[in-house]
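In: Sequence and computational prediction follow.
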Amino acid sequence: MLTEYGEKLDKTCPLGEYPRPQFKRDSYLSLNGEWRCAFTKSEKLPHEFPQKILVPFSPETPLSGVGRVLAPDEWLHYARSFSLPAGFNRGRVFINFGAVDQTCKVYINSSFAGGHTGGYTPFSLEITDFIKDGDNTIEVTVRDISDTGEYSRGKQKFKRGQIWYSPQSGIWQSVWIESTPREYLHGVKITPDFDNEQVRFDYDADCTVTASVYDSEQLIAQTSDNVIKLPDFKPWSPESPFLYKVVFRCGEDRVDSYFGMRKFSTGKDGSGVWRLFLNNKPYFHNGLLDQGYYPDGFLTPPSNEALKNDVESVKKMGFNMLRKHIKIEPMLWYHYCDVNGILVWQDMINGGGSYGLEISVLPFIGINLDDTNYKTFKRTDPEQRKSYYNELKEMINALYNCPCIALWVPFNEGWGQFDSAAAYELIKKLDPTRTVDTASGWHDRGVTDVISKHIYFTPIKVKAGGRPYVLSEFGGFSHRVKGHTFNNKMFGYKIYGSPQSLANAYRKCYERTIIPQIKRGLSATVYTQLTDVEDELNGILTYDRKVQKIPVSLLKAINERVHL
């Protein structure tokens, strides 16, 4: 089953666009394309790599050309050669990985260059001392035990089905090389200060950094200080997603970026009801659950155009938010949300052991479990609890500068949940500028910014309280479109036999249940979901994105009424 993007796949350099627009240099050498690979029972690098694989597609995916699942007792090894163009090396050379699932080690010309744990977060390694003139060899060794251990794994499962999806492993986001001068800008945190009409830059750099801010092509401010005043600035919002360009110079190093002036907070509206606020005003978040899966690339989009199309489709439907569910996307996806004005609720990746009925069933009878009991929530491995926090920090650091990120979700429905109050405090320390839904759905331990409910089977009755009430999952209306399904199975919370009955059910849900309760305190909605995914046929779009099940005109007309 292919998307139209998979059908047109550029095998010479798939997903070849520059992958990190939030921190962009003009130095760029993509390593996407054909590599060699081998599956072995040992971590030791093999002498032979007998198979071809199309990076960045996991070997389990159709687009990889492999079609092979990496078993928990195996290692996946990659190899390819590369040479740097003349003049490319400016002093330092780095290799960047968008994501490698789950643990990996990287070798350059047979020397160990570094490794990484965490299947969804980006990382970089300096390889200056390992490269040579002419041909160089890169080898990557990967281990992925998926749901047989407590690593963060998302919705992957060896025995896939219903809400759990096919496993995948290895390199699944872009790989590229860049070069910097010896002294360079390592990173920057960009923090808009809406109330004080200024923006703050916190640098990690080898030298003094100068920031130049542009409104389109017009230079409006320049300084070597950390703060730039922006009187009468243009605010960023879904209705007007204005972005300021910024150029950072650290010696001879230049980095292009951008930011949006916006503020996320909570507060009471004029009637004394707690709401989510945007730019100091009550603002309704009207969105969709978005798994970010594709039938031909699984977690990996078949092209960057596919990422862009998903975001633009949501905008055309009239929604203003996406909840990125148990996945961290390539950085270009967040860029498209920034540009199009789509708020993002970002989930952390779940881990832990096998989830039992005590986690998923007890909340329906009003039992809220203590998540400091690691055994109950299948979080008994102290190393994996530590790894969770490392990956949480990596996620927040990677996405901090994206204007679209409105809310963090560290835990969902109790999956691998532990010490959620501590997770909340850590997130607020790392990023006090966003709101937090600490335990989306249930097992709320009281340390969170919102009242978060998942309601599929019982009547939706909003009960306003001391925090904004968000319906963080609901809907799940399913309809099968013949010729556009992953298999013959069908999972959904309510099943409809025709497009018309599906559209009618959706309309009635919003007109009779959702819209009337906004005045009573409903502050956000997340409808399940944007697309079908494998067994799940509850998407507004089919899995291959070729059929829109509910008409855009109907969605847009309804969404024009979903606001405060």
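Out: Thanks, I have the structure now.
In: From here on, just use CA atoms for contacts and neighbour counts.
Out: Will do.
In: separation between residue 214 and residue 490?
Out: As judged by Cα to Cα, to the nearest Å, residue 214 and residue 490 stand 51 Å apart.
In: So what touches stretch 328-335?
Out: When contacts are defined by Cα atoms under 8 Å, 6 or more residues apart in numbering, stretch 328-335 is touched by residues 19-22, 98, 120-121, 173, 292, 304, 307-308, 311, 346-349, 395, 399, 402, 404.
In: Please pull out the lowest mean pLDDT helix or strand from this structure.
Out: helix 357-360 (a mean of 70; mean pLDDT, DSSP states H and E).
In: Just the C-alphas of the next helix or strand after it, formatted as CSV.
Out: For helix 357-360, the following helix or strand on the C-terminal side (DSSP states H and E) is helix 382-399. Extracted in CSV, the C-alpha atoms of helix 382-399 (Å, rounded to 0.1, in the frame of the first residue of the first chain):
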residue,chain,number,x,y,z
PRO,A,382,15.7,2.1,37.2
GLU,A,383,18.0,2.6,34.1
GLN,A,384,15.0,2.9,31.8
ARG,A,385,13.3,5.5,34.2
LYS,A,386,16.6,7.4,33.9
SER,A,387,16.6,7.0,30.2
TYR,A,388,13.0,8.4,30.0
TYR,A,389,14.1,11.6,31.6
ASN,A,390,17.2,11.9,29.3
GLU,A,391,14.9,11.5,26.3
LEU,A,392,12.3,13.9,27.7
LYS,A,393,15.1,16.6,28.1
GLU,A,394,16.3,15.9,24.5
MET,A,395,12.8,16.2,23.2
ILE,A,396,12.2,19.6,24.9
ASN,A,397,15.6,20.9,23.9
ALA,A,398,15.1,19.9,20.3
LEU,A,399,11.6,21.4,20.0
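In: Identify the residues contacting helix 382-399?
Out: Applying Cα under 8 Å, 6+ apart, the contact partners of helix 382-399 are 117-118, 121-122, 150-152, 328, 331, 348, 351-352, 379, 405, 410, 430-431.
In: so which strand or helix has the residue positioned nearest the centre of the chain?
Out: By Cα atoms, centre = their mean, the chain has its centre lying nearest to residue 328, at 2.6 Å. Residue 328 is part of no helix or strand, with elements assigned from DSSP H and E.
In: what residue ranges in this structure score low on pLDDT?
Out: Residue ranges of the chain with pLDDT under 70: 357-358.
In: all helices of it, in order?
Out: 4-7, 304-317, 331-340, 357-360, 382-399, 420-430, 499-509, 515-518, 552-559 (DSSP state H).
In: residues near residue 385, how many?
Out: For residue 385, the count of nearby residues is 21 (other Cα atoms under 10 Å).
In: Please list only the buried members of the contacts of helix 382-399.
Out: Buried members of the contacts of helix 382-399, scored by 16 or more other Cα atoms under 10 Å, are 117-118, 121-122, 150-152, 328, 331, 348, 351-352, 379, 405, 410, 431.
In: isn't residue 352 right up against residue 148?
Out: No: using Cα atoms under 8 Å, residue 352 is not in contact with residue 148, being 9.4 Å away.
In: Tell me how far stretch 24-37 lies from the chain's centre.
Out: 21 Å (Cα atoms, centre = their mean, to the nearest Å).
In: what's the span of it, first residue to last?
Out: Note: stretch 24-37 ends 30 Å apart using Cα to Cα.
In: Enumerate every residue touching residue 39.
Out: For residue 39, the contact set (Cα under 8 Å, 6+ apart) comprises 70, 74, 75, 76, 77.
In: would JSON lines of those residues with neighbour count and distance to residue 269 be doable?
Out: Output for the contacts of residue 39, formatted as JSON lines (neighbours: other Cα atoms under 10 Å; distance: Cα to Cα, whole Å):
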{"residue": "70", "neighbour count": "24", "distance to residue 269": "52"}
{"residue": "74", "neighbour count": "17", "distance to residue 269": "56"}
{"residue": "75", "neighbour count": "22", "distance to residue 269": "55"}
{"residue": "76", "neighbour count": "25", "distance to residue 269": "54"}
{"residue": "77", "neighbour count": "26", "distance to residue 269": "56"}
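In: Among those, which lie within strands?
Out: Per DSSP state E, strands hold the following members of those: 75, 76, 77.
In: quick one: which of the residues you listed is nearest residue 509?
Out: residue 76 (47.2 Å; Cα to Cα).
In: What residues are bridge-paired with the closest one?
Out: Residue 76 has these beta-bridge partners by DSSP bridges: residue 39, residue 142.
In: do the same with residue 494
Out: For residue 494, the beta-bridge partners under DSSP bridges are residue 477.
In: and stretch 348-366, which residues are buried?
Out: Neighbour-count burial for stretch 348-366 [16+ other Cα under 10 Å]: 348, 349, 350, 351, 352, 353, 359, 363.
In: do stretch 16-31 as well
Out: 16, 18-25, 27, 29-31.
In: how close does the residue nearest to the centre of the chain get to residue 93?
Out: 26 Å.
In: repeat for residue 249
Out: Applying Cα to Cα to residue 249 and residue 93 gives a distance of 18 Å.
In: Looking at these two, which one has more neighbours?
Out: residue 93 (22 against 19).
In: thought that one was touching residue 182?
Out: No: assessed by Cα under 8 Å, residue 93 is found out of contact with residue 182, at 9.4 Å.
In: residues contacting residue 102?
Out: Contacts of residue 102 (Cα under 8 Å, 6+ apart): 117-120, 142-146, 151, 153, 169-170.
In: Now tabulate the residues you listed in TSV and tack on distance to residue 442.
Out: Shown next, in TSV, are the contacts of residue 102 (distance: Cα to Cα, whole Å):
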residue	distance to residue 442
117	29
118	26
119	26
120	24
142	35
143	32
144	29
145	28
146	25
151	22
153	20
169	30
170	32
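In: now, which of the residues you listed sits nearest residue 104?
Out: After measuring the contacts of residue 102 against residue 104 - Cα to Cα - the closest member comes out as residue 142, at 4.4 Å.
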